[in-house]
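Undergrad: Structure for the following, please:
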Amino acid sequence: MSENGINKITVKNYEDLRNLIHGKDIRINHDIREDFIFRGLSNVKYELIPSSLRKNNLNQLKINELIESDYKFKVAISEKEVKNNNLIFDSNHRDADKNIVILFNKYGKPTIDINSKLEAPENKLQKEREYYVLMKFLYYADKCGLKINADENARNLLHTDLPVAFEGYIDQQSMIEVMSLAQHYGLPTRALDWSYDYKVSLYFAVKDTLLNKKSNDGVLWALNYKLIENREFDDIDYRINLQIYRPEYNTNPNLNAQKGLFTYLNEYIGDYDKPLDKIISSELSKTIEERPKDENFFGKLITVPINLTSEDIIFYKFIIPKEIKPQILKELYLDGYSEEYLFPGYDGVTQSVINRIKLNNLLNETEALKKNILLNVYWDIDKVNKKLYEFVECDFDCEIDKIFIYQDNKVLGYFIGNEIIKDSSENLWIKFGEHSGLSKSEFKHSTSSAVRINDLHLFDYPIKLHNFELDNDFCYIEKYDENLNFLLNFS
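TA: Numbering: from 1, shown residues only. Model prediction:
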């Protein structure tokens with residue numbers, strides 16, 4: 001584990017990832033689908049930062065591009081700070097805490113003196129930016145007859161040109177309802193999209209391979225939401241800042257198909273503009289006394305429950321090599337995770353027609369590089385299921401898809417054999433010897449390579465090969481035409 005609360009794993013193929021998530025791998029010994037939600041990103045360099053906090057190439061917040069240059073935001077500043085910066089102010093314009101309300105532009109400069117050194121507190125101004133964009137979304141959606149659940153206060157703001165301090169004026173539930181819709185349709189909000197279904201998120205992590213053959217490694221994040229949701233404590237000194245929200249599925253067919261939900265930070269304090277995994281990992285490394293404090297709250301505002309420690313797995317971070325993205329997308333399509341299901345409607349069907357041709361062409365290009373092996377083995381097949389590795393003499397010179405098990409002129413089954421470890425017998429013994437079923441002396445004289453067993457399939461009835469002889473320890477099936485090619489139909 002490289003960071004507190006985060007377990008990072010690079011997967012080998014679709015079967016490897018599925019086995020990990022289903023708890024059929026020693027690296028994760030329990031099925032995580034019940035307790036975790038998932039988020040897929042097409043580039044491993046992309047971070048868990050909500051769209052409202054992302055910046056452009058000039059290091060400017062992208063959300064500012066949706067705000068007029070002359071719009072004025074109301075933000076409260078202490079009277080002392082206002083006077084220290086020689087700003088003219090109206091002493092009657094104060095908030096509930098007696099702070100002075102000042103008008104700022106979207107960049108945080110006071111509109112009465114943009115050359116002043118005074119800047120609006122970024123966390124307060126950011127919330128006002130987000131509320132303003134949400135109100136614009138509500139205005140235009142409501143104007144054209146689209147239903148959005150918003151309270152009376154929010155609706156009263158639809159026809160005002162006066163600057164408004166949105167925070168505290170709009171009901172929190174209204175803000176969440178508007179935010180969930182705006183987020184799903186592409187406007188920047190503080191929310192991060194997740195799915196209960198890992199295959200939905202996996203689709204979003206690999207679909208870019210259709211647009212860019214030189215795509216980057218992707219990532220599938222898994223967040224243990226059961227450790228966070230519905231947590232209440234007898235000690236009223238703490239509040240949980242990370243919120244989980246599931247909108248009504250009946251109003252949004254896409255969200256329903258994608259089993260979507262959101263996480264967001266209720267308050268912006270501390271390192272709120274950092275990636276969520278970094279925020280949580282950093283918090284787990286601190287004592288409760290060292291964690292951020294909300295200036296509007298007498299106690300502590302903590303991201304995750306106080307009972308969690310650096311020993312708890314909050315995140316799994318599954319790295320998906322770019323080379324395996326096409327094959328994963330193929331498997332997802334076969335499982336029904338394609339555009340016509342994820343995006344119900346004619347647009348989804350159209351995209352599915354187009355993308356299936358792209359994927360087929362891509363697979364024809366990439367799968368030609370892989371080969372399938374018929375491997376002559378002397379294993380006790382009954383014991384193979386209990387072992388992680390088998391140790392054989394092999395000298396494969398290409399990437400392998402399937403390895404078929406050949407013994408006594410019969411094919412007994414196959415496994416996914418994409419991981420071949422070649423090393424000295426001494427190093428192999430140190431790393432893997434306990435799995436070999438041999439003594440150290442027997443092991444060192446019997447092998448120079450290890451084959452990882454992934455997703456083993458043993459045939460109920462072994463296939464007898466007629467008029468066939470295997471000259472060496474293995475052969476490439478593709479070279480034997482009709483004599484062996486029928487084996488490739490097993491999947």
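
Undergrad: Low-confidence ranges, the stretch 351-491 of the chain, go.
TA: 366-369, 383-398, 417-426, 431-438, 442-449, 481-482, 491 (pLDDT under 70).

Undergrad: repeat for the stretch 1-150 of the chain
TA: Judged by pLDDT under 70, the stretch 1-150 of the chain has its weakly predicted residues at 1-2.

Undergrad: quick one, strands of it?
TA: With strands called from DSSP state E, counting those that start in this stretch, the stretch 1-150 of the chain shows them at 6-10, 36-41, 73-77, 100-104.

Undergrad: Using PDB, write out the CA atom coordinates for the second one.
TA: Output for strand 36-41, consisting of C-alpha atoms alone and laid out as PDB, is shown next (Å, rounded to 0.1, in the frame of the first residue of the first chain):
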ATOM      1  CA  PHE A  36     -17.700  -0.300  -2.800                       C
ATOM      2  CA  ILE A  37     -18.700   2.200  -5.500                       C
ATOM      3  CA  PHE A  38     -16.600   2.700  -8.600                       C
ATOM      4  CA  ARG A  39     -15.300   5.500 -10.800                       C
ATOM      5  CA  GLY A  40     -13.500   5.000 -14.100                       C
ATOM      6  CA  LEU A  41     -11.000   7.400 -15.700                       C
END
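
Undergrad: what sits up against that strand?
TA: Identification of contacts with strand 36-41 by C-beta atoms under 8 Å, 6 or more residues apart in numbering yields 48, 192-198, 200-206, 218-226, 261, 316. In short, each C-beta sits where N, CA and C put it, glycine included.

Undergrad: I'd like to know which of those are buried.
TA: Burial of those was assessed by neighbour count (16 or more other C-beta atoms under 10 Å); the buried members are 48, 192-198, 200-206, 218-225, 261, 316.

Undergrad: Tell me which of the strands of the stretch 1-150 of the chain sits nearest to Asn212.
TA: Closest to Asn212 of those is strand 36-41 (C-beta to C-beta; 14.4 Å).

Undergrad: picking that back up, among the buried ones among the contacts of strand 36-41, which lie within helices?
TA: 198, 200-206 (DSSP state H).

Undergrad: could these be laid out in a markdown table, adding distance to Cys144?
TA: Formatted as a markdown table, these follow (distance: C-beta to C-beta, whole Å):
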| residue | distance to Cys144 |
| --- | --- |
| Tyr198 | 36 |
| Val200 | 29 |
| Ser201 | 31 |
| Leu202 | 35 |
| Tyr203 | 30 |
| Phe204 | 28 |
| Ala205 | 34 |
| Val206 | 35 |
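
Undergrad: before we move on, the earlier item: out of the strands of the stretch 1-150 of the chain, which comes closest to Lys83?
TA: strand 100-104 (8.9 Å).

Undergrad: Show me what counts as buried in that closest one.
TA: Those would be 100-102, 104, for strand 100-104 by 16+ other C-beta under 10 Å.

Undergrad: Then stretch 38-55?
TA: Quick answer for stretch 38-55 (16+ other C-beta under 10 Å): 38-42, 44, 48-53.

Undergrad: cool, and stretch 138-147?
TA: Applying 16+ other C-beta under 10 Å to stretch 138-147 flags 138, 141 as buried.
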